[in-house]
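Participant: Fold the following for me, if possible:
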Amino acid sequence: MPLIIRNDQDKIEILKEWQDKLNEIVEVFFPVKR
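Facilitator: Below is the predicted model of the structure:
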């Protein structure tokens, strides 16, 4: 069943969550000095 996104705010929240997950993965494989 496809994910139904009701409005732009939901899209933004989901994108933020994915961005956080991707950042974590990237830091694991490509550690970045901060």
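Participant: What residue, apart from its backbone neighbours, is nearest Val26 spatially?
Facilitator: With sequence-adjacent residues excluded and distances taken as C-beta to C-beta, 6 or more residues apart in numbering, Val26 is closest to Val32, at 7.7 Å. Bear in mind the C-beta positions are built from the backbone N, C-alpha and C, glycine included.
Participant: In the protein, which residue is most central in space?
Facilitator: Central residue of the chain (C-alpha atoms, centre = their mean): Trp18, 1.3 Å from the mean position.
Participant: What confidence value was assigned to it?
Facilitator: Note for Trp18: predicted pLDDT of 94.
Participant: ditto for Ile14
Facilitator: Listed pLDDT for Ile14 reads 90.
Participant: what's around it, how many residues?
Facilitator: The number of residues packed near Ile14 is 12, by other C-beta atoms under 10 Å.
Participant: Contacts only, for Val28.
Facilitator: If you count contacts by C-beta atoms under 8 Å, 6 or more residues apart in numbering, Val28 has none.
Participant: quick one: what helix or strand has it in it?
Facilitator: helix 8-29 (DSSP states H and E).
Participant: For this protein, which residues score under the pLDDT cut-off?
Facilitator: Scanning the chain for pLDDT under 70 picks out the ranges 1-5, 33-34.
Participant: Tell me how far the residue nearest to Val26 lies from Glu13.
Facilitator: Distance of Val32 to Glu13, computed by C-beta to C-beta, to the nearest Å: 25 Å.
Participant: More neighbours: which of the two?
Facilitator: For the pair Val32 and Glu13, the greater number of neighbours falls to Glu13 (11 against 7), based on other C-beta under 10 Å.
Participant: Tell me the spacing between the more buried one and Val26.
Facilitator: For Glu13, the distance to Val26 (C-beta to C-beta) stands at 20 Å.
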